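Visitor: Here is the input, now give the coordinates:
(2 chains)
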Amino acid sequence: TQLLEQSPQFLSIQEGENLTVYCNSSSVFSSLQWYRQEPGEGPVLLVTVVTGGEVKKLKRLTFQFGDARKDSSLHITAAQTGDTGLYLCAGDNNAGNMLTFGGGTRLMVKP
Amino acid sequence: DAGVIQSPRHEVTEMGQEVTLRCKPISGHDYLFWYRQTMMRGLELLIYFNNNVPIDDSGMPEDRFSAKMPNASFSTLKIQPSEPRDSAVYFCASSPPEGAVTGELFFGEGSRLTVL
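Guide: Numbers count the residues shown, from 1 in each chain, chains lettered A, B, ... in the order given. Take a look at the predicted model:
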């Protein structure tokens, strides 16, 4: 089983601050996804990164895939209260459409 | 468009009882996944189907758990007998064929199970 470790597990910040969360593994992934989950709902896909070194931007969110395709980061600029939620990374090991999820980073943005 | 539909949203039952969770995937999606989410273990894949056929059930905890997909629009996850440690949120997710490349899963809202 391939393990994806996310850090930090919990993060509480003030609105307007910047933050970065990390997703690390010792295994290589063919692609990596970031999901956000709000209370009482299922995870929703934010982005998929495929190429080593790839950077994708989604408004205030910047996603990066490591050169070796073993790790990824999510940076949020000027966090808003609406960014509050559980951020999950998931890796596709290209073995039959199976995603392995990390333990998640629970973000709280206070007004 | 309707998303993945799960029922029930909440279930409270007593130890030893049978529990059946239901899922209707998005029309046209040929992959269906059952996940379990707990605070301790996060999101765990239990089983997944492709074109109604179970492909990998290695995540199913034990024989008390079973899953079926009799047709493309319906799947069930059954626990018999249920135990308190089965308490969790169970998610169903589906993906289209291209999901194998993009890794995009479409999740339902989950079924929160509490076994007393």
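Visitor: From here on, just use CA atoms for contacts and neighbour counts.
Guide: Noted.
Visitor: What count of nearby residues applies to residue 80?
Guide: Using chain A. A:Gln80: 19 surrounding residues under other CA atoms under 10 Å in any protein chain shown.
Visitor: Please refer instead to chain B.
Guide: B:Gln80 sits with 15 neighbouring residues when counted by other CA under 10 Å.
Visitor: Now it. Nearest residue, chain neighbours left out?
Guide: Nearest in space to B:Gln80, with sequence neighbours left out and distances taken as CA to CA, 6 or more residues apart in numbering or on different chains, is B:Glu18 at 4.6 Å.
Visitor: Phi and psi next, for the one you found.
Guide: phi -90, psi 140 (degrees, to the nearest 10).
Visitor: which residues touch A:Glu54?
Guide: Neighbour list for A:Glu54: A:64-67 [criterion: CA atoms under 8 Å, 6 or more residues apart in numbering or on different chains].
Visitor: again with B:Met69
Guide: B:Met69 sits in contact with B:49, B:52-53, B:75-76, where contact means CA under 8 Å, 6+ apart.
Visitor: same thing with A:Phe63?
Guide: Per CA under 8 Å, 6+ apart, neighbours of A:Phe63: A:47, A:49, A:55-57, A:72-75.
Visitor: Let me know the next secondary structure element after the helix or strand of chain A with the lowest mean pLDDT.
Guide: Lowest mean confidence among the helices and strands of chain A (mean pLDDT, DSSP states H and E): strand A:99-101, at a mean of 86. Downstream of strand A:99-101, the first helix or strand assigned by DSSP states H and E is strand A:105-110.
Visitor: just checking, what packs against that following strand?
Guide: strand A:10-14, strand A:85-92 (3 or more CA pairs under 8 Å, 6 or more residues apart in numbering or on different chains; DSSP states H and E).
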